[in-house]
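>>> I need the structure of the sequence given here:
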Amino acid sequence: MKKIGIYFAIAALALGLGACNDEWKDELYTQMVSFKARLTSEGVSEVYLRYNKNGEVTYNLPVIVSGSTSNHQDLYVKIEVDPDTLSIYNREKFQYRTDLYFKQLPEQFYQLSSPTCFIPQGSHTENYPIKFRFDDLDLVERYVLPLTIKDDPSYISNTRKGWRKALLYIRPFNDFSGNYSATSMNVYLDGQTTFPLVSSTRTAWVVDERSVFFYAGVFEEKSEARGAYKIVMDFSTPVTQADGTKTGTLNVYAPNSDINFELTAPATYQIREVVDPTKKYLVTRYCTVNLKYKYDDISTVPGKKTRYRADGSMTMARLINTLIPDEDQAIEW
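Numbers count the residues shown, from 1 in each chain. Below is the predicted model of the structure:
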C-alpha cells in the first residue's frame with residue numbers, strides 16, 4: 001500500500017509540473033502599446049537627422065506591443081499630435097522661464113505618414129514614419145514634435161508616464177554642427193589684453209548643409225536675448241593636404257547688424273580624422289575653427305553698448321563607429 005501511495009504522489013507531481021509548464025504558453029502580462037522613445041535628462045527624446053536641403057528626411061518612430069507572447073491580433077494604433085502634453089511639460093519643467101520653453105514644431109516642417117500605425121498579428125514592433133523638412137527652420141528655438149497614442153477599444157495604451165507619449169526634440173545635423181570646446185577662445189573687453197572671459201563650450205546649430213551658427217563671445221546660450229547674437233559660419237569646399245587633413249576658409253557674419261559684428265582676420269578651419277589605436281572601427285573627427293572678431297553687447301546693460309573682442313579657436317570632436325551603417329546612430333552624440 002505504501003508503494004501505491006508513492007506512485008500516486010509521483011503521478012500527481014508530474015501532472016502538476018506539466019500544468020505549470022503549460023502556463024508559460026499563456027500571456028503573463030497585459031499586452032499594451034507604446035512608443036519606444038528614449039528620454040534624455042531633460043525629459044525629451046532627441047532625434048538626430050541629417051540636414052537635407054533638397055528633400056525630406058524620414059524618421060522611423062518605433063511603436064511596440066509589450067507582453068511575453070506574440071501579439072495576438074492585427075492592431076491599428078492611432079497616433080496624433082499632442083500640444084497639451086508639451087504645454088504641461090514646459091510649465092512643470094521651466095515654470096516662469098518661458099524663454100527656455102520647448103516650442104512645438106510648426107506644421108510646415110513635418111508630415112505624419114498616417115493617422116494609424118499598423119502592427120500585424122505576431123509582430124512586437126513596427127516603425128511609424130514621420131517626414132521632416134528643415135529649410136528655413138531657425139534653431140534659435142528648441143523645437144519638439146509632441147505625439148500621443150490615442151485610446152481605442154481595440155488595444156490598451158501603456159499609460160505609464162513617457163510611454164504612450166513621445167516628445168521628439170528635433171536635432172538636425174551636418175558635418176560641422178555640434179558641441180565645440182571653446183576653452184581656447186578668449187573674449188576681452190575691446191582694447192584690453194588681460195583677464196579674458198572664457199566659455200567651456202559653444203554649440204553650433206545647423207543653418208544649412210554647409211553652415212552653422214553659434215552665439216557670440218560667452219553669451220549665455222539659453223538667454224532670452226540669444227537670437228540677437230547669432231554668428232553664422234559658412235564652410236567653403238576644403239583642400240586636402242599631404243597629411244590627409246582638410247583645410248578651408250570660413251565666411252563669417254552676423255544676421256543682426258545691431259551688434260556691429262566685425263571679422264578682424266581671415267577665418268579658417270581644419271578637419272582631421274584619428275583612428276582609435278585599439279578599436280580600429282572607431283574614428284574621431286576633429287573640426288577646428290580659427291576666429292578673430294569683435295561685437296557689441298547690446299542687452300546686458302540696458303541702453304548701453306559694450307564692445308568685445310574674441311580671439312582663438314574652437315574644436316568639435318565627433319566619435320564615429322564605422323561598423324554602424326546608419327549615420328545618425330553611428331555618431332556617438
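>>> what sits against Val44?
Neighbouring residues of Val44 by Cβ atoms under 8 Å, 6 or more residues apart in numbering: Phe102, Val144, Leu167, Leu168, Tyr169. In this view, the C-beta of every residue, glycine as well, is placed from N, C-alpha and C.
>>> what about the fourth one, how many neighbours?
Same thing as Leu168. Neighbourhood size, Leu168 [other Cβ atoms under 10 Å]: 22.
>>> surely it touches Val47?
Yes: using Cβ atoms under 8 Å, Leu168 is in contact with Val47, at 4.9 Å.
>>> ok so, going back, so can I have a markdown table of the contacts of Val44 showing pLDDT?
Conversion of the contacts of Val44 to a markdown table gives the following (pLDDT from 0 to 100):
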| residue | pLDDT |
| --- | --- |
| Phe102 | 95 |
| Val144 | 97 |
| Leu167 | 96 |
| Leu168 | 97 |
| Tyr169 | 97 |
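>>> quick one on the thing from earlier: tell me, what's touching Leu168 and Val47 both at once?
Residues touching both Leu168 and Val47 by Cβ under 8 Å, 6+ apart: Tyr59.
>>> just the buried ones from the contacts of Val44, in ChimeraX syntax?
If you want just the buried ones from these in ChimeraX, going by 16 or more other Cβ atoms under 10 Å, the selection is:
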select :102,144,167,168,169
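>>> now the two most distant members of the contacts of Val44.
Phe102 and Leu168 (10.3 Å; Cβ to Cβ).
>>> so what sits against both of those two?
In contact with both Phe102 and Leu168: Val44, Val144, using Cβ under 8 Å, 6+ apart.
>>> next one: Asp22, what pLDDT does it get?
At Asp22, the pLDDT value in this model is 54.
>>> same question, Phe35
pLDDT for Phe35: 95.
>>> just give the nearest non-adjacent residue to it, would you?
Closest residue to Phe35 apart from its sequence neighbours, by Cβ to Cβ, 6 or more residues apart in numbering: Ala166 at 4.3 Å.
>>> the one you found belongs to a strand, doesn't it?
Yes: according to DSSP: H, G, I helix; E, B strand; the rest coil, Ala166 belongs to a strand.
>>> my guess is it contacts Ser34. True?
No: with contact defined as Cβ under 8 Å, Ala166 does not count as touching Ser34 (9.1 Å).
>>> who has more neighbours out of these two?
Ala166 (28 against 22).
>>> OK, contacts around the more buried one?
Applying Cβ under 8 Å, 6+ apart to Ala166 gives the contacts Phe35, Ala37, Ser45, Leu61, Pro146, Leu147, Thr148.
>>> could I get the full set of strands for the stretch 1-150 of the chain?
For the stretch 1-150 of the chain, strands defined by DSSP state E, counting those that start in this stretch occupy the ranges 33-35, 45-50, 57-65, 75-81, 103-104, 110-112, 116-119, 125-132, 143-149.
>>> just send those strands back as JSON lines, with distance to Ser200 too.
Converted to JSON lines, those look like this (distance: least, Cβ to Cβ, whole Å):
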{"stretch": "strand 33-35", "distance to Ser200": "34"}
{"stretch": "strand 45-50", "distance to Ser200": "21"}
{"stretch": "strand 57-65", "distance to Ser200": "31"}
{"stretch": "strand 75-81", "distance to Ser200": "37"}
{"stretch": "strand 103-104", "distance to Ser200": "26"}
{"stretch": "strand 110-112", "distance to Ser200": "33"}
{"stretch": "strand 116-119", "distance to Ser200": "42"}
{"stretch": "strand 125-132", "distance to Ser200": "31"}
{"stretch": "strand 143-149", "distance to Ser200": "25"}
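>>> out of those, nearest to Asp311?
Closest approach to Asp311 among the strands of the stretch 1-150 of the chain is made by strand 45-50 (31.9 Å; Cβ to Cβ).
>>> who does the closest one touch, helix- and strand-wise?
Using 3 or more Cβ pairs under 8 Å, 6 or more residues apart in numbering; DSSP states H and E, the elements in contact with strand 45-50 are strand 57-65, strand 165-173, helix 327-330.
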